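*Asks:* Provide a 3D model corresponding to the input given below.
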Amino acid sequence: MMRRGAIIVILLGAIIAFAFSRAVDAATNAELVPGSRIVFPYYDLRPGFATFLFLTNISSAPVSVALELYDTSGARQGTNIDLSARDIDSLDLSEMISGNASDGFLQGFVDVTTSADVLIGTAVVVNMDDDWAITYNGASARRQTAGTTPFEPYPTGLLLPAFLTPGQLGGGTLADGLLIVAAPHPTRPGGKLPDKPIRASAEIFLRQELTAVSSDQQSTHEIIQSSSRFSGRHIILPIGTVVGTFPSPTLGWLSLRNHVVDKNGIPFGLVGLYIQTLIGPSSASGMAIRLSGDPSADTTQ
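*Replies:* Okay, the predicted model is just below:
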């Protein structure tokens, strides 16, 4: 079982990474600025899993925070908390789900809002059966005084800089990674989503290793390009489903773009996460990669 001490160590690692990272604009889908909206694209409350949110108020005044939890069917449930000045709170999401809804809210995403650009947040997802955990920073957005949306828009295009397809690696088994994509409401945080806020196209680039025909037998490679499409309310897809399977782990990267707009023509931006796990004979490890915003995608159309 994953002990609470291990969870704290993982959290401290995230805090150190945060402290030495450069702040950038939320329109690039970066999370390293305080905001009044934070989207956490993934939680997992299935049996054997736990998810914790850490929310921090950096200001000298108290704030009220609204949390809207979505499950993969599009159902949503809201709750509120108060943070005093310079406060931090740890939230066990299993305790935030009320009534019979706990049977449905096993996986999904969380949309968090407050009245001022003073929130930062981190999520920790724990797999207690396989003894691994991942941590990632929520994607923050700041309020806008002008424009078509009340908050900085999330990008319609995302980039996953690296992934490995499943297979045997270094004495362990590289499990099929998970590509996770959420599409929060562009104008009403916590609002009802359409049936398919995600209709995405993906361009996939795989590094295919080759052996040169020469005396020194130097290895070379080529990049193989392919495409894929997927749609839904909240995407949780094994990477093998998106890019295919191969005899051994294959390195690649991908870009994806959403093609959904609301009734006023405002695009549904995306927040994404990739989870890769390595299962060894006596231990396991997990890592999370937040997908980057693609600056070539138009977030203002």
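*Asks:* Tell me where the stretch 201-301 of the chain has helices.
*Replies:* 239-243 (DSSP state H, counting those that start in this stretch).
*Asks:* in it, which segments are predicted with low confidence?
*Replies:* 211-219, 298-301 (pLDDT under 70).
*Asks:* got it, and the stretch 51-200 of the chain?
*Replies:* 99-103.
*Asks:* Kindly indicate whether the nearest residue to residue 35 once chain neighbours are set aside is helix, strand or coil.
*Replies:* With sequence-adjacent residues excluded and distances taken as CB to CB, 6 or more residues apart in numbering, residue 35 is closest to residue 140, at 3.1 Å. Placement of C-beta: from N, CA and C, glycine included. What DSSP: H, G, I helix; E, B strand; the rest coil gives for residue 140 is strand.
*Asks:* ok now do residue 140, which residues does it touch?
*Replies:* 26, 31, 32, 33, 34, 35, 37, 38, 119, 120, 121 (CB atoms under 8 Å, 6 or more residues apart in numbering).
*Asks:* Of those residues - the most surrounded one?
*Replies:* residue 38 (29 neighbours; other CB atoms under 10 Å).
*Asks:* Tell me the backbone dihedrals of that one, please.
*Replies:* As for residue 38, its main-chain torsions (degrees, to the nearest 10) stand at phi -130, psi 130.
*Asks:* is it true that it touches residue 138?
*Replies:* Yes: with contact defined as CB atoms under 8 Å, residue 38 counts as touching residue 138 (3.9 Å).
*Asks:* Just list whatever residues bridge to the residue nearest to residue 35.
*Replies:* Beta bridges link residue 140 to residue 38, judged by DSSP bridges.
*Asks:* now residue 231
*Replies:* As for beta bridges, residue 231 partners with residue 199 under DSSP bridges.
*Asks:* got a list of what it touches?
*Replies:* Residue 231 touches 196, 198, 199, 200, counting by CB under 8 Å, 6+ apart.
*Asks:* ranges for the helices of the stretch 1-150 of the chain?
*Replies:* Remark: helices assigned in the stretch 1-150 of the chain by DSSP H, counting those that start in this stretch are 4-19.
*Asks:* can you pick the most crowded of the contacts of residue 231?
*Replies:* For those, the largest number of neighbours (other CB under 10 Å) sits with residue 200, at 23 neighbours.
*Asks:* Can you read off the pLDDT for residue 24?
*Replies:* Listed pLDDT for residue 24 reads 39.
*Asks:* Over to the one 3 residues further on?
*Replies:* In this prediction, residue 27 carries a pLDDT score of 48.
*Asks:* quick one, what contacts the residue nearest to residue 284 when sequence neighbours are not counted?
*Replies:* Residue nearest to residue 284 in three dimensions, not counting chain neighbours: residue 132, with 4.4 Å by CB to CB, 6+ apart. By CB under 8 Å, 6+ apart, the residues touching residue 132 are 2, 126, 277, 284, 285, 286.
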